[in-house]
Structure formats: C-alpha cells, structure tokens
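1. Sequence and predicted structure are below.
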Amino acid sequence: MLALLLLAALRVPAGDRAGAVVVLGMAGLAMGCISPKAWVHHYVAGTAALYALPVAAWRRGRTTAAYVFATVPWALCAIHFATEGFGGVLGLGLAAYVIAGLVWLLRAYRAGSSATSACCGDSVVS
C-alpha cells in the first residue's frame, strides 16, 4: 500500500491540485489502516479522498466505479459499528479501498489523461 501511495504521489503532475487532494486523502486513510490501534477520528484525514475519488471517477465516465468509491467507505463504517468492530472490517476494508483507489488513479494517469479529467478538475478543490 505504501509503495502504491508513493508511486501515485510521484505520478501526480505538477499543478494538479485535485490529484494531490486524492493522494493526500488516500495517505490519510492509509495512516488509519497501518496504525495498530485507530479510532474513528483518525480517519478524518482521509475524508478528502472520500469525496474527491468518486467525483474523479464520475468525471471520467466511470459511473460504476464512482458509485463503488462513494458507497463502500460508508458501508464499511456501518458494518463496523453494527458488529462493534469485530474482525477488523473497517481497517481491512479501507485498506482494500485505498489499494483499489490508488490502482484506479495510477491507471487513469497511465492512460495519458489530462490532469483535470483524471482527477476531478479544479472546481472541486477551489
């Protein structure tokens, strides 16, 4: 996960503020996943990714990915609290979410898309 995060941070073009927001949010989520003991308020650092990643997918015409990126974190939180944290659903699920989001972002950049179309556009973070 950390290698993907580093690669994504290096791939974000200079001046792509929206791409930087997605990577920063993913770093915040990764921080909560890597920590041996994480409370819900530790995940606040990742809220940027929870908003920017679905919008990035939507703007690229990937509506299924957008719906998945938008609903999975909230479903994981609901399952976590319903099961009182049994089995590490939140940590493991968000780790998978971060990996999937970073892989999607790297594929978007590899496809040669412009910074604006790959990651939300400046209107999201202005």
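-> That came in fine, so what should we check first?

2. pLDDT weak spots in this structure?
-> For the chain, the stretches flagged by pLDDT under 70 are 36, 38-40, 42, 112-126.

3. hmm, 50 instead?
-> Flagging of the chain using pLDDT under 50 yields the residue ranges 114-118, 122-126.

4. Give me the longest helix you can find in it.
-> helix 89-110 (DSSP state H).

5. Tell me how far that one lies from the chain's centre.
-> On the basis of C-alpha atoms, centre = their mean, to the nearest Å, helix 89-110 sits 6 Å off its chain's mean C-alpha point.

6. name the helices or strands packed onto that helix?
-> On a contact count with 3 or more C-beta pairs under 8 Å, 6 or more residues apart in numbering; DSSP states H and E, helix 89-110 meets helix 2-11, helix 17-34, helix 47-59, helix 63-82, helix 115-118. The C-beta positions use only the backbone N, C-alpha and C, and glycine is treated the same way.

7. at 6 Å what do you get?
-> helix 2-11, helix 17-34, helix 63-82 (3 or more C-beta pairs under 6 Å, 6 or more residues apart in numbering; DSSP states H and E).

8. And the contacts of stretch 61-68?
-> Residues from elsewhere that reach stretch 61-68, judged by C-beta atoms under 6 Å, 6 or more residues apart in numbering: Pro54, Ala57, Trp58.

9. Tell me how many other residues crowd the second one.
-> Other residues near Ala57 number 24, with proximity taken as other C-beta atoms under 10 Å.

10. contacting residues for it?
-> Ala65, Ala66, Phe69.
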